[in-house]
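A.B. asks: Dropping a prediction and its sequence here:
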Amino acid sequence: MIALEGEVTQTSAPPNQAEFFRTVTIWVQQTEDEIEFTFPLAEFKKYNFQEGDKLSIKIDKQFDIDKMAQDLFKKGS
């Protein structure tokens, strides 16, 4: 399992989908990168994401990049 700590840096409405979705941008200190998640509007309101909120992100699954690359090359042949 991978555990990351993040902070909401921005919330926005995607173009042409403002009535259905909201995008949340999260800065992750450990990776020094931003992650964007798009939520259905109802879920966004449920969690009440706001700039400055601190979040914990837990990732249970890991992927095998070598296997993924092999599969990609097989499909390309």
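C.D. replies: Happy to help now that I have it. Numbers count the residues shown, from 1 in each chain.

A.B. asks: alpha carbons only for contacts and neighbour counts from here, please
C.D. replies: Will do.

A.B. asks: residues touching Glu5, list them.
C.D. replies: Contact partners of Glu5, counting by Cα atoms under 8 Å, 6 or more residues apart in numbering, are Val28, Gln29, Gln30, Lys54, Leu55, Ser56, Ile57.

A.B. asks: let's go with 10 Å and repeat that
C.D. replies: Applying Cα atoms under 10 Å, 6 or more residues apart in numbering to Glu5 gives the contacts Ile26, Trp27, Val28, Gln29, Gln30, Thr31, Lys54, Leu55, Ser56, Ile57, Lys58.

A.B. asks: Please apply the same query to Phe73.
C.D. replies: Counting by Cα under 10 Å, 6+ apart, Phe73 touches no other residue.

A.B. asks: Where does it sit: helix, strand or coil?
C.D. replies: Phe73 falls in the helix class when you classify it by DSSP: H, G, I helix; E, B strand; the rest coil.

A.B. asks: mind checking how far it is from Lys67?
C.D. replies: Per Cα to Cα, to the nearest Å, Phe73 is found 10 Å from Lys67.

A.B. asks: With the flanking residues excluded, which residue is spatially nearest to Thr25?
C.D. replies: Glu36 (4.5 Å; Cα to Cα, 6 or more residues apart in numbering).

A.B. asks: And for Thr38?
C.D. replies: Thr23 (4.3 Å).

A.B. asks: Show me the shaky parts of this structure.
C.D. replies: For the chain, applying pLDDT under 70 flags the ranges 62-63, 75-77.

A.B. asks: And the strands in it?
C.D. replies: Secondary structure of the chain (DSSP state E): strands located at 2-12, 21-28, 33-40, 54-59.

A.B. asks: now the angle between strand 21-28 and the third one, please.
C.D. replies: Between the axes of strand 33-40 and strand 21-28, defined by axes from the mean of the first three to the mean of the last three Cα atoms, to 10 degrees, the angle is 160 degrees.
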